[in-house]
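K.L.:
Kindly return the folded structure for what I paste below:
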Amino acid sequence: MTHDFTETYRMSGSAPDCKDDGRSRAGKVHDMMPVSVIIPMYNVETTLAAAIDSVLAQTFRDFEVLVVNDGSSDASSMICQSYEDTRVHEIRQANRGLAGARNTGIRHARGRYLAFLDADDLWEPDKLERHLEHLEQNPGVGVSYCQSSFMDDAGRPMGLQQKPKLSGVTTVDILCRNPIGNGSAAVIRREVFEDIAFRDTLYGVEEDFYFDESFRQSEDIECWIRIAASTDWRFEGIDRPLTWYRTNAGGLSANLEAQYESWNRAIVKARSYAPGLIDAWVDRARAYQLRYLARRAVHSRNAGVAVALMHRALRTDARILLLEPGRTLLTLGTAWLQYLLPRGLYQQLEALAMSVAGALNRRAAA
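P.N.:
I've put the predicted structure just below:
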């Protein structure tokens, strides 16, 4: 039987799951289990099943999957309900955005560790096993993340990997380079979120918040900066690509202007509790952010914007050219080539470059 529990959730802060046993998961946080996997769900009918399947295929088996239905209007809910595995639960709410869906998952989670998977991404089968081993062996690490492999809109491997800094990560690294990289890479101790929780009555009742729901973009980096600057928990990565990240030119990251404004808001917020950090490093962080947005513009075939963003990045802090000459020159050169060359010729060069990069990655992995 299917019911709409939106109003129940908004009034009480809790909701029954998709198995419809009539019980709220809220208040059960002391009935601990090892891992809660939180999957925000908003109109993701084309990718949701693959995401859930990648969790159910994990070599580590003791977990719950909390799929937070954030006001979906497509067939996503039916897909969730089609799973007979009792570890899969749906929690329904009116739309609150990605941060709001994650917060709801955290409130209902029973896991000692909280793992996040966006509904259009995938995990390697041994992801949870490796992260739990990492966290158990390193009690000072609060945020365990991994390298990521890239796939295109259709789920085809692109032969590219994200290889961030994995150890010795500082607050400056989080501010400037965000080594976590994407929302499906991290597995985090429950205590980390308890340490940064704040109370608010945003929806008419007092609730705990972890991610800031006033952000519809940049909610990840805002949270990571807050953890790094206000707690003693360490960030540390695993030297293996355990997450498949789907690049999507039509997704949230494609709205470059809105993303840049949300990033600025995160910086303003961070200055309120860490003014020294922001005053000392904001130019470097801004230059890296502009370079990242330039890469997004290249991906979405907006060459003029990409060139403008790269020039602005270098004017903001030209030292990124010295600190990361390869990546900076590659982004600048790619933007200009896309701007100057006929589309067909550029696409041929791009395909060749992707093929070479993929071969080099495969050779390095071997």
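K.L.:
List the residues that contact Arg226.
P.N.:
By CB atoms under 8 Å, 6 or more residues apart in numbering, the contact list for Arg226 reads 196, 270, 273. Backbone N, C-alpha and C define where each C-beta goes, glycine included.
K.L.:
Kindly report the same for Arg234.
P.N.:
Taking CB under 8 Å, 6+ apart as the contact definition, Arg234 lies against 138, 140-143, 169.
K.L.:
what ranges of the protein fall below the confidence cut-off?
P.N.:
Across the chain, the ranges flagged by pLDDT under 70 are 1-30, 249-254, 354-366.
K.L.:
Please repeat the previous calculation with a cut-off of 50.
P.N.:
Residues of the chain that meet the criterion pLDDT under 50 lie in 1-30, 252-253.
K.L.:
per-domain residue ranges of it.
P.N.:
According to automatic domain parsing, the chain comprises the domains 6-262, 274-357.
K.L.:
winner for burial among those?
P.N.:
Of all the domains of the chain, domain 6-262 has the most neighbours on average by mean count of other CB atoms under 10 Å, namely a mean of 19.
K.L.:
starting at the chain centroid, how far to that domain?
P.N.:
Remark: domain 6-262 is offset 7 Å from the chain centroid, using CA atoms, centre = their mean, to the nearest Å.
K.L.:
can you confirm Gln348 is in a helix?
P.N.:
Yes: counting by DSSP: H, G, I helix; E, B strand; the rest coil, Gln348 is part of a helix.
K.L.:
Please tell me how far it sits from Ile278.
P.N.:
Between Gln348 and Ile278 the computed distance is 43 Å (CB to CB, to the nearest Å).
K.L.:
do Pro139 as well
P.N.:
30 Å.
K.L.:
The contacts of Arg226 into TSV, with extra columns for distance to Gln259?
P.N.:
Listed next are these as TSV, based on distance: CB to CB, whole Å:
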residue	distance to Gln259
Ile196	23
Ala270	17
Tyr273	23
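K.L.:
From the residues you listed, pick the one nearest Phe60.
P.N.:
Using CB to CB, Ile196 comes nearest to Phe60 of the contacts of Arg226, at 26.0 Å.
K.L.:
Can you tell me the SS state at Ala351?
P.N.:
Assigned state for Ala351: helix (three-state reduction, three-state DSSP).
K.L.:
if I look at it, how far off is Ala51?
P.N.:
From Ala351 to Ala51 the distance is 28 Å (CB to CB).
K.L.:
try Arg319
P.N.:
To Ala51, Arg319 is 39 Å away according to CB to CB.
K.L.:
Which other helices and strands does the lengthiest helix in the chain contact?
P.N.:
Longest helix of the chain, by residue count under DSSP state H: helix 275-299. Counting contacts by 3 or more CB pairs under 8 Å, 6 or more residues apart in numbering; DSSP states H and E, helix 275-299 packs against helix 171-177, helix 256-273, helix 303-316, helix 319-323, helix 325-340.
K.L.:
What lies in contact with that helix?
P.N.:
Contacts of helix 275-299 (CB under 8 Å, 6+ apart): 171-172, 175-177, 229, 247, 249, 253-254, 256, 259-260, 263, 267, 270-271, 303, 305-307, 309-310, 312-314, 316-320, 327-328, 331-332, 334-335, 338.
K.L.:
report the angle between the axes of it and helix 325-340?
P.N.:
Compare the direction of helix 275-299 with that of helix 325-340 by axes from the mean of the first three to the mean of the last three CA atoms, to 10 degrees and you get 40 degrees.
K.L.:
Out of the contacts of Arg226, flag the one nearest to Arg61.
P.N.:
Ile196 (29.6 Å).
K.L.:
can you pull the contacts of that closest one?
P.N.:
Going by CB under 8 Å, 6+ apart, Ile196 touches 210, 223, 226-227, 230-231.
K.L.:
give me that answer again for 10 Å
P.N.:
Contact partners of Ile196, counting by CB atoms under 10 Å, 6 or more residues apart in numbering, are 209-211, 223, 226-227, 229-231, 233.
K.L.:
Next one: it relative to Leu117, how far apart?
P.N.:
Note on Ile196: its distance to Leu117, by CB to CB, is 21 Å.
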